[in-house]
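Visitor: I'd like to go over a predicted model; first the sequence, then the structure.
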Amino acid sequence: MRTTSSTRIDPLREFARIAVLALAAGGGLALLGYWPTLRQAGSAGCSAMMLGLSVAVLGAWLGSAVPFYFVRRPLEQFSAGLLAGLGVRFGFTLGLALAVRSLEIVPAEPLLLWVGIGQVVILGVDVFGLVRLSHRVAGGGA
């Protein structure tokens, strides 16, 4: 069983880096989506967009936190932690999105649309960050 070479990795710092990138991606999506959402769904749709992107970012943060529990463990456990993080991410995001939807405080369609868009885009950002981290944990630098 190969162990990780993670003694030089600060899990909190790495998580903060990935969390900031997820937040930046969510903010970028909000900027890009504001005018089209306003045109299609009005100001209530924009509120739904912001809430949907917030749900996506929270899910991403929780899911991204899971692998950091495994950073100083054997490489096989770290890999399992990456997959567990995906499960936590999607389970939490789905549950939170459905809970927010059930409150009926914003229109459902833009809320769920932006949760989905946010998840897809932020997942891409997170995968990039976690792949870089995986290389470092495995001793490949980056």
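Guide: Received it, and whenever you're ready, just let me know what you need.

Visitor: alpha carbons only for contacts and neighbour counts from here, please
Guide: OK.

Visitor: and the residue positioned nearest the centre of the chain, what element?
Guide: Central residue of the chain (Cα atoms, centre = their mean): Ala60, 1.9 Å from the mean position. Assigned by DSSP states H and E, Ala60 belongs to helix 11-69.

Visitor: for the very next helix or strand once past that helix, packing partners?
Guide: Sequence order places helix 75-103 as the next helix or strand after helix 11-69, per DSSP H and E. With contacts taken as 3 or more Cα pairs under 8 Å, 6 or more residues apart in numbering; DSSP states H and E, helix 75-103 sits against helix 11-69, helix 108-137.

Visitor: how about the last one: buried residues?
Guide: The reference is to helix 108-137. Neighbour counts over helix 108-137 (16 or more other Cα atoms under 10 Å) mark 108, 110-112, 114-119, 122-123, 125-126, 129-130, 133-134, 136-137 as buried.

Visitor: pop out the phi and psi values for the closest residue to Ser47 other than its chain neighbours.
Guide: Spatial nearest neighbour of Ser47, excluding adjacent residues (Cα to Cα, 6 or more residues apart in numbering): Val106 at 6.8 Å. With angles defined as degrees, to the nearest 10, Val106 sits at phi -140, psi 160.

Visitor: what is the burial count for Val106?
Guide: 20 (other Cα atoms under 10 Å).

Visitor: so it sits right up against Gly42, yeah?
Guide: No. Assessed by Cα atoms under 8 Å, Val106 is found out of contact with Gly42, at 11.2 Å.

Visitor: do you know the pLDDT at the residue nearest to Ser47?
Guide: Reported pLDDT at Val106 in the predicted model: 97.

Visitor: next one: it relative to Gln119, how far apart?
Guide: 19 Å (Cα to Cα, to the nearest Å).

Visitor: again with Val137
Guide: From Val137 to Gln119 the distance is 25 Å (Cα to Cα).

Visitor: with Trp35 instead?
Guide: In terms of Cα to Cα, Trp35 sits 20 Å off from Gln119.

Visitor: again with Ala22
Guide: From Ala22 to Gln119 the distance is 10 Å (Cα to Cα).
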